[in-house]
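> need the 3D shape of this:
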Amino acid sequence: MKKVLTYLRQNPISILLLALPLAIAAEALHGSPTLIFALAAVAIIPLANYIGQATESLAHYTGPRVGGLLNATLGNAAELIITIVAIREGLLELVKASITGSILGNLLLVLGLSVLLGGLRHGTQTFHRRQASSNAILLVLTVVILMVPSLFSHYIGDIEHFDPKVEALSMGVAAIMIILYALGLIFSFKSPEVVESPLTLDVSDPAISHQAWPLKVSLLVLGLSTVGVAYMSEVLVGAVEPLVEMLGISEFFIGIIFIPIIGNVAEHLVAVQMAMKNKMTLSVEIAVSSSLQIALFVAPVLVFISYFMGNPLTLVFNQLELLALIAGVLIAALASSDGESNWLEGAELLAIYVILALAFVLMPG
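Numbers count the residues shown, from 1 in each chain. Modelled structure (predicted):
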């Protein structure tokens, strides 16, 4: 019992696992869609955290290079699973909204909260200016790539209904994005020394790593957590449409605000914790790496998965999503351009996120 209490003090997020049996019971008893959605969402949070911890533990046995690859591929596993389930159910707008929401959430909500709380505790904080500038350029280029199918598809074919030309453009762009992602990984791994890259964030860093579990335990936890996330994702996605009808909110709002937070809250907390420990460079890296992994890996992979599932997903985003992405990336790039941050900048980033969230929630369902 003492060991259990010690573990819970070290990992307080684990207590949220109590929501898992409650979510199963609520679904079995055909409870309120709001209750089912809330319980499933809460249950996914610790499961996603266990996937992250298992990945970190495996990195201890594989070394920093392969560990970086594991982090790059499994870092957003929970959100990837949720969106795959949503694609199977035909909730494509929710999936595209979650891609946008993940990028915005990391650059405005997570980075803003990190800068705000870190600044309140430590005053003006500094981070690696050249690295932040390089990451900002990557983010801008990524958004430009995402804009191409969104803008050109209107002139190529019908975006409202399935059009082979529009789908071909999205798949072509997705393939190039995956190639760029792979080239970024190869560049990091083939260098004489491990290159600091937002695509291969070193999970073995003592600032963010936990005590490694035995190899068999790591594999078991990874497997069970993945199964748990998959099941809870079924429950969560199944409650979306009844929830939309009951509360009168849009599917778009759920996708752009709730899904990204649910899938990445554990990683978000780490970024904030690093800022409060005055490790601002690492905090910025976590926020940026998650954004780039979503844009360059998760989004294009979903395009191909959706095609084979019979519900083709295109990379055609609406005007509000494009404007929000452009604003989010430019603001984050400007805020990190001088290599310094203070609590006021964090408050401004959060203010932009809240304003966008207000616009999203008022959109018709």
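> tell me where the chain has strands.
With DSSP state E as the criterion, the chain has strands at 125-126, 340-341.
> which of those sits most buried?
strand 340-341 (a mean of 20; mean count of other CB atoms under 10 Å). Yep, even glycine has a C-beta here, placed from its N, CA and C like the rest.
> now that one: how far from the chain's centre is it?
From the chain centre to the centre of strand 340-341 is a distance of 24 Å (CA atoms, centre = their mean, to the nearest Å).
> for stretch 30-47, same thing?
Remark: stretch 30-47 is offset 19 Å from the chain centroid, using CA atoms, centre = their mean.
> give me the mean pLDDT for that stretch.
For stretch 30-47, mean pLDDT is 90.
> least trustworthy helix or strand in the chain by mean pLDDT?
Comparing every helix and strand of the chain by mean pLDDT, DSSP states H and E singles out helix 2-10 as the least confident one, with a mean of 56.
> of the strands of the chain, which is nearest A41?
Nearest to A41, of all these, is strand 340-341, at 30.4 Å by CB to CB.
> paired strands for that closest one, with orientation please.
Strand 340-341 sits in its sheet next to strand 125-126 (antiparallel), going by DSSP bridges.
> so who does G119 touch?
Shown in contact with G119 (CB atoms under 8 Å, 6 or more residues apart in numbering): 125, 341-346.
> so which of these comes closest to L330?
Using CB to CB, E345 comes nearest to L330 of the contacts of G119, at 14.1 Å.
> give me the neighbour count for that closest one.
Neighbours of E345 under the rule other CB atoms under 10 Å: 22.
> could you do the one 10 residues further on as well?
Counted by other CB under 10 Å, the residues lying close to I355 total 13.
> go on, the one 3 residues further on?
Here the neighbour count serves as a burial measure; for L358 (other CB under 10 Å) it reads 9.
> which stretches of the stretch 101-250 of the chain have low pLDDT?
Within the stretch 101-250 of the chain, the ranges that satisfy pLDDT under 70 run 158-162, 188-211.
> which residues of it fall in helices?
Listed in chain order, the helices of the stretch 101-250 of the chain (DSSP state H, counting those that start in this stretch) span residues 111-122, 129-156, 164-190, 215-238, 240-247.
> of all the ones you listed, which one is nearest I51?
Between I51 and the helices of the stretch 101-250 of the chain, the shortest gap by CB to CB is with helix 215-238, which sits at 4.7 Å.
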